[in-house]
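Participant: fold the stuff below for me.
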Amino acid sequence: MKKINIVFVLLLCAVLHITAQQVKMSYKESDEDFINPERGFYIPIGTTASNFKLLDEKILKTYHSQPQQLSGATYKINISLIYRAYELDTFKNKPLSAAFLNNLQKDFDAVRGAGLKMILRFAYINTTHGGNCNDEYKICPPYGDAPVAIVLQHVAQLKPLLQKNADVIAVMQQGFIGIWGENYFTDYFGCATNEGTGVIEDSSWLQRNIFLKALLDALPKNRMVQVRTPQIKQRFVYGPGAAVNSLPLQLKETFSAANKARIGFHNDCFLASEDDYGTFYNYGNSTTKRDTANKQLRKYFEADSKYVAVGGETCDDAFSPQNDCAPNGYAQIEMAAMHYSYLNAAYNNDVNNDWDSLGCMKTIKQKLGYRFVLKSASLPQNIQKGKLFFVQLQLQNKGYATPFNPRTVQLILRNRQTGKIFSFAFKTQIQKWFTGKIQIAQSFSLPSVIPDGKYEILFSLPDEYQSLKNNPAYSIRLANENMWEESTGYNKLNYIVTLK
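Facilitator: Below you'll find the predicted structure:
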């Protein structure tokens, strides 16, 4: 017992000694709207396989370098994301060609050269036709997507490129199935319209699950796939018989290589109707009928979305004033509850422009995804070789979500005379920096090779990929005044320490 007490006293003395040699720094929050990776409003850019139009790196660079105002919009946006949609119109019954795959690689290269990332989707048909059918929207079959075997073949062909270029893929949407790749109006994967069986039968859910598993396997384990409705995820995780009140992700399961932790959501009719035009709807199976499930599926979505990538677009202004700013609407409340990281800047601007005119657009632009504010830091008065030094940072995430892709969190020491840097990794998982207060604290030891001198202390949140980690366009900027160093992507703590 005496030995335990002595050890405790020694540890307490060491902690008190370190604390006594710390300097408390405070930082001022910025109200500026600025670019940060993998979040915010995106610009959609589509192309067809039959008339492939390559992305233009020069144009993409202008997206990143200056605010953009799209046609029909009353507001400007800062861009770190594009939505890239590929319509595989000429490949519905054959393999993807070498020319198409080569063009796809050129697109990835252009995005990387411009300092952007892409939201990626493939589909076989993006147009509809009417006719004498019973569908409530008068969208009639045949719909024009591709057979199951062709889809799986194409995913296998795309896998090497997806693996190679995952650094510039923010997230991939499931796509492929049905018109627009939205997994509803389909000829081959089970159609729940009145022109089909009226439900998605078990055999079709199983086919969909095989396809989604193949798509998850085609991407590296650090990247997510977004599905169009929460029920698609439920029936992948729990099988075709999954109930609409199935259990969402639990904290211990999150941000891992497990498939269920890698499935997010894209809602392409955000606040367009009571159930977002069928987003929150039960499409049945072999033993149950279609049915409303708005409350249950919204509850599931809210809980699960805290841990996955969420984005989408508005598609109709009919659900007004509910889709407006507060106090008459609840657009911001919905974005926060469902942890939105991005939205479309081009569609539907009847809705988006209302946010601008009603006064909440600036807040939405700031809060989509993450927004980290450094409140204070406890930093060492000096650093001695052979001894530990301690750093503690108090931050706040004022955004709707966390970064959904992993990245490193680094403390940087930069020699004031030579400019040489030495980096130290914090043991923290940035994907779990949820909305609210964040504290990271750690002791570090210095390697003997670091020369004596005066050093600036900086904070860095670079991309985890070697190809991007030294590119400041892919580093996270804190929402503070007089801290961002644009040339390096470092956040300056505005503090100099002596190393001896």
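
Participant: which residues does the nearest residue to Phe426 once chain neighbours are set aside contact?
Facilitator: Distance criterion Cβ to Cβ, 6 or more residues apart in numbering; nearest residue to Phe426, sequence neighbours excluded, is Val409 at 4.3 Å. Placement of C-beta: from N, CA and C, glycine included. Going by Cβ atoms under 8 Å, 6 or more residues apart in numbering, Val409 touches Ala425, Phe426, Thr428, Ile430, Ile440, Ser460, Leu461.

Participant: tell me, how many residues neighbour the first one?
Facilitator: Think Ala425. Using other Cβ atoms under 10 Å, Ala425 has 12 neighbouring residues.

Participant: can you pull the domain assignment for this protein?
Facilitator: With automatic domain parsing as the criterion, the domains of the chain are listed as 20-32+372-499, 40-366.

Participant: redo the contacts of Val409 as a markdown table? Include distance to Val227, secondary structure and pLDDT.
Facilitator: Shown next, in a markdown table, are those (distance: Cβ to Cβ, whole Å; DSSP: H, G, I helix; E, B strand; the rest coil; pLDDT from 0 to 100):
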| residue | distance to Val227 | secondary structure | pLDDT |
| --- | --- | --- | --- |
| Ala425 | 33 | strand | 98 |
| Phe426 | 33 | coil | 98 |
| Thr428 | 29 | coil | 98 |
| Ile430 | 24 | helix | 98 |
| Ile440 | 33 | strand | 98 |
| Ser460 | 33 | strand | 98 |
| Leu461 | 28 | coil | 98 |
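
Participant: quick one: which of the residues you listed is nearest Ala114?
Facilitator: Leu461 (20.3 Å; Cβ to Cβ).

Participant: show me where the stretch 1-150 of the chain has strands.
Facilitator: With DSSP state E, counting those that start in this stretch, the ranges of strands along the stretch 1-150 of the chain come out as 22-26, 40-48, 81-87, 117-123.

Participant: buried sites along the longest one?
Facilitator: The neighbour-count check on strand 40-48 (16 or more other Cβ atoms under 10 Å) flags Gly40, Phe41, Tyr42, Ile43, Pro44, Ile45, Thr47 as buried.

Participant: quick one: pLDDT of the second one?
Facilitator: The pLDDT attached to Phe41 in the predicted structure is 98.

Participant: am I right that it is in contact with Leu368?
Facilitator: Yes - using Cβ atoms under 8 Å, Phe41 is in contact with Leu368, at 7.1 Å.

Participant: okay, and the common contacts of the two?
Facilitator: In terms of Cβ under 8 Å, 6+ apart, Phe41 and Leu368 are both contacted by the residues Tyr342, Leu343.

Participant: give me phi/psi at Gly492?
Facilitator: For residue 492 the amino acid is Lys, not Gly. Main-chain dihedrals, Lys492, degrees, to the nearest 10: phi -80, psi 130.

Participant: can you add distance to Phe211 and give the strands of the stretch 1-150 of the chain back as TSV?
Facilitator: TSV is the format used below for the strands of the stretch 1-150 of the chain (distance: least, Cβ to Cβ, whole Å):
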stretch	distance to Phe211
strand 22-26	52
strand 40-48	22
strand 81-87	17
strand 117-123	12
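
Participant: can you put the buried residues of strand 40-48 in JSON lines and add distance to Lys500?
Facilitator: Output for those, formatted as JSON lines (distance: Cβ to Cβ, whole Å):
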{"residue": "Gly40", "distance to Lys500": "44"}
{"residue": "Phe41", "distance to Lys500": "49"}
{"residue": "Tyr42", "distance to Lys500": "49"}
{"residue": "Ile43", "distance to Lys500": "51"}
{"residue": "Pro44", "distance to Lys500": "55"}
{"residue": "Ile45", "distance to Lys500": "54"}
{"residue": "Thr47", "distance to Lys500": "59"}
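
Participant: any idea which of these is closest to Glu481?
Facilitator: Nearest to Glu481, judged by Cβ to Cβ, of those is Gly40 at 20.3 Å.

Participant: neighbours of the closest residue to the closest one other than its chain neighbours, just the number please.
Facilitator: Spatial nearest neighbour of Gly40, chain neighbours left out: Leu368 (5.2 Å); criterion: Cβ to Cβ, 6+ apart. Using other Cβ under 10 Å, Leu368 has 23 neighbouring residues.

Participant: now the helices for the stretch 251-400 of the chain?
Facilitator: Secondary structure of the stretch 251-400 of the chain, counting by DSSP state H, counting those that start in this stretch: helices at 294-304, 331-337, 349-357, 361-367.

Participant: buried sites along whatever helix or strand Ile496 lives in?
Facilitator: For Ile496, the element it lies in under DSSP states H and E is strand 490-499. Going by neighbour count (16+ other Cβ under 10 Å), the buried part of strand 490-499 is Tyr490, Asn491, Lys492, Leu493, Val497, Leu499.

Participant: what about Phe404, neighbour count?
Facilitator: 26.

Participant: and the residue nearest to it when sequence neighbours are not counted, its phi and psi?
Facilitator: Nearest-residue entry for Phe404: Ala309, 4.0 Å, with adjacent residues in sequence omitted and distances by Cβ to Cβ, 6+ apart. The phi/psi pair for Ala309 (degrees, to the nearest 10) reads phi -80, psi 130.

Participant: contact partners for Ala309?
Facilitator: Taking Cβ under 8 Å, 6+ apart as the contact definition, Ala309 lies against Ala170, Val171, Met224, Gln226, Gly264, Phe265, Ser341, Phe404, Asn405.

Participant: widest-spaced pair of those?
Facilitator: Phe265 and Asn405 (15.6 Å).

Participant: one step back: now the contacts of Val409 in a markdown table, with distance to Gly278?
Facilitator: Output for the contacts of Val409, formatted as a markdown table (distance: Cβ to Cβ, whole Å):
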| residue | distance to Gly278 |
| --- | --- |
| Ala425 | 45 |
| Phe426 | 43 |
| Thr428 | 39 |
| Ile430 | 34 |
| Ile440 | 42 |
| Ser460 | 43 |
| Leu461 | 38 |
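
Participant: and which of the residues you listed is nearest Gln153?
Facilitator: Ile430 (36.7 Å).

Participant: quick one, what contacts that closest one?
Facilitator: Ile430 is in contact with Thr402, Pro403, Pro406, Arg407, Val409, Leu461, counting by Cβ under 8 Å, 6+ apart.

Participant: any chance of TSV for these, columns distance to Asn480 and secondary structure?
Facilitator: TSV is the format used below for the contacts of Ile430 (distance: Cβ to Cβ, whole Å; DSSP: H, G, I helix; E, B strand; the rest coil):
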residue	distance to Asn480	secondary structure
Thr402	19	coil
Pro403	17	coil
Pro406	23	coil
Arg407	19	strand
Val409	16	coil
Leu461	13	coil
